[in-house]
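1. Here is a sequence with its predicted model. Questions after.
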Amino acid sequence: MKRLKIYLIEDDSTLRTVLSRELGALGFEVVAFPTAEGVLDAVRAAAPDALLVDLRLPGKSGLELLRELLAQDPMTQVVMLTGHGAVPDAVESMRVGAHDFLTKPARLDVLEQVLRRAAEKRALALENRRLRRVIDGQGPTPELIGDSAPMNELRRVIERVAKSDVSLIVQGESGTGKEVVARNVHARGERAAAPFVVVNCGAIPASLFESELFGHERGAFTGAERKRMGLFEAADGGTLFLDEVGELPRTVQPALLRALQFGELRPVGAESVRRVDVRVIAATNRDLREQVRAGDFREDLYYRIAALEISVPPLRARRGDIRALAVHYLARSGHVVAIDDAAFDLLERFDWPGNVRELENTLERLCLLVEGGRIDAKSVEKQLERPVEHAGPLPTLDLHVLERIAVIEALAAFKGDKREAAKALGVSLKTLYNQIDRHGLRPRPAVDGGAPPTA
């Protein structure tokens with residue numbers, strides 16, 4: 001099991017040596033500093049589980065260091081060491097945000113308990129931060145853009161299924177907007193005020209899937225340094241969205257089936273089950289019935305998650321929405337460009353095998369590469385015929401921008417198939433997902449009320 005890392009800041013060389021030795025013997029990994037110099041940079045480079053800081057230091061005081069540490073990261077846990085005459089300053093350190101303070105000479109057993117509690121507090125705070133990032137920050141429900149007959153029918157279906165609480169599967173080609181549909185179902189149902197938690201089934205390694213979905217107990221396996229809540233439990237009371245459910249490992253499917261049937265889950269390494277109340281919405285661009293016949297997907301699980309079904313129409317079936325989608329994307333992206341009517345005509349005639357995602361990626365390329373602030377028919381025609389390989393001079397030497405262009409083109413070339421796009425880019429599937437997130441290429445709500453369906 002990983003040793004807890006402690007940064008010790010103490011100017012007394014004898015006490016620093018003794019504390020380093022004794023804390024090391026208690027199982028801590030101790031990094032010692034004689035002054036506050038360099039501590040901020042060290043924490044920024046590799047944050048410890050807790051810091052033990054002497055209040056009276058030469059140069060910058062322990063109280064000043066405490067303020068700077070908490071300004072850098074409020075989750076940093078600092079235990080202050082004080083002399084008998086410095087109790088008022090120690091009380092002030094607690095007011096500022098120290099985890100605790102101890103008077104010298106501190107008993108080792110007490111010091112150990114305080115440091116372990118501080119480390120546990122930080123671990124819980126980081127876990128809460130992780131779960132908040134999963135649950136919160138979703139913004140307003142993304143809008144379904146377009147007034148074509150297929151889109152209006154989709155809205156009517158969403159309103160109907162949102163009134164139910166049974167599991168639902170959203171089917172459609174890559175890039176049609178399945179996650180946006182799922183978010184709209186959630187927002188219109190009785191669970192709207194509860195969490196909407198996304199699980200990217202294609203991005204989680206099979207060996208970690210059960211832990212990610214159901215959580216684990218401390219020490220359940222190598223690297224399980226602390227107890228962790230799973231995404232299923234994080235969605236308790238709300239909706240769990242299983243994106244690309246066809247990628248779900250066969251080994252995890254029985255546990256998921258039980259969670260759906262009985263509302264029970266067992267974290268890895270736990271001795272008892274926990275009850276949860278979750279509505280599951282799954283999405284896939286695969287034929288799950290064919291996967292059932294091939295033995296890759298459990299038949300009983302399929303019928304459990306497919307109690308209700310929604311089919312999302314491809315973009316070629318609703319060409320009348322292309323102009324509205326393009327205008328909405330340009331307004332949301334902040335690119336100051338105009339599109340000629342002839343360019344719109346070309347966009348509307350194209351089949352868009354990658355659907356809305358391909359349309360958005362094409363518009364992004366046009367906005368990055370077009371000159372004069374106007375997209376004309378010639379520019380559109382060139383982009384629609386553009387291969388993944390970049391010919392000619394690079395549009396920029398900015399590596400961040402070039403990576404974004406490469407990811408956009410790979411996704412467009414392979415019609416949203418992330419596995420094939422990752423192979424073409426020469427990166428792992430997980431790296432591609434990280435690049436998609438880093439460049440904001442996932443569906444995201446807009447400040448003006450929503451995003452087009454690009455899930």
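-> The structure has been received and is ready for your questions.
2. Only the buried residues of the helix ranked longest in the chain, if you could.
-> The longest helix of the chain (DSSP state H) is helix 108-135. Using 16 or more other C-beta atoms under 10 Å as the test for burial, helix 108-135 gives 111-112, 114-116, 118-123, 127, 131, 134-135. C-beta: built from backbone N, CA, C; applies to glycine.
3. Show me where the stretch 301-450 of the chain has its strands.
-> Remark: strands assigned in the stretch 301-450 of the chain by DSSP state E, counting those that start in this stretch are 308-311, 338-339, 374-375.
4. Distance to Asn434 added to those, as JSON lines?
-> Below are these laid out as JSON lines (distance: least, C-beta to C-beta, whole Å):
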{"stretch": "strand 308-311", "distance to Asn434": "29"}
{"stretch": "strand 338-339", "distance to Asn434": "32"}
{"stretch": "strand 374-375", "distance to Asn434": "30"}
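5. Tell me which of those strands sits most buried.
-> Highest mean neighbour count among the strands of the stretch 301-450 of the chain (mean count of other C-beta atoms under 10 Å): strand 374-375, with a mean of 18.
6. Can you spell out which helices and strands pack onto that one?
-> Helices and strands touching strand 374-375, by 3 or more C-beta pairs under 8 Å, 6 or more residues apart in numbering; DSSP states H and E, are strand 338-339.
7. Tell me which strands the strand it packs on pairs with, and in which orientation.
-> Within its sheet, strand 338-339 is paired with strand 374-375 (parallel), according to DSSP bridges.
8. rewinding a little: just how off-centre is the longest helix of the chain within its chain?
-> Taking C-alpha atoms, centre = their mean, to the nearest Å, one finds helix 108-135 lying 21 Å from the centre of the chain it belongs to.
9. Next SSE downstream of that helix?
-> Counting by DSSP states H and E, the next helix or strand C-terminal to helix 108-135 is helix 149-162.
10. still on that earlier bit, pull the most distant pair out of the buried residues of helix 108-135.
-> Leu111 and Ile135 (36.1 Å; C-beta to C-beta).
11. What pairs with the helix or strand of the chain with the lowest mean pLDDT, parallel or antiparallel?
-> The least trusted helix or strand in the chain, going by mean pLDDT, DSSP states H and E, turns out to be strand 228-229, with a mean of 77. Here strand 228-229 is paired, per DSSP bridges, with strand 215-216 (antiparallel).
12. Neighbours of the nearest residue to Leu384 once chain neighbours are set aside, how many?
-> Closest residue in space to Leu384, ignoring its immediate chain neighbours: Phe350 at 5.7 Å, by C-beta to C-beta, 6 or more residues apart in numbering. As a burial measure, Phe350 scores 18 neighbours (other C-beta atoms under 10 Å).
13. Please state the backbone phi and psi of Phe350?
-> Main-chain dihedrals, Phe350, degrees, to the nearest 10: phi -70, psi 150.
14. hang on, it packs against Glu381?
-> No - the pair Phe350 / Glu381 is not scored as a contact, 9.7 Å apart, by C-beta atoms under 8 Å.
15. returning to that earlier point: could you give the mean pLDDT of the longest helix of the chain?
-> Taken as a whole, helix 108-135 has a mean pLDDT of 81.
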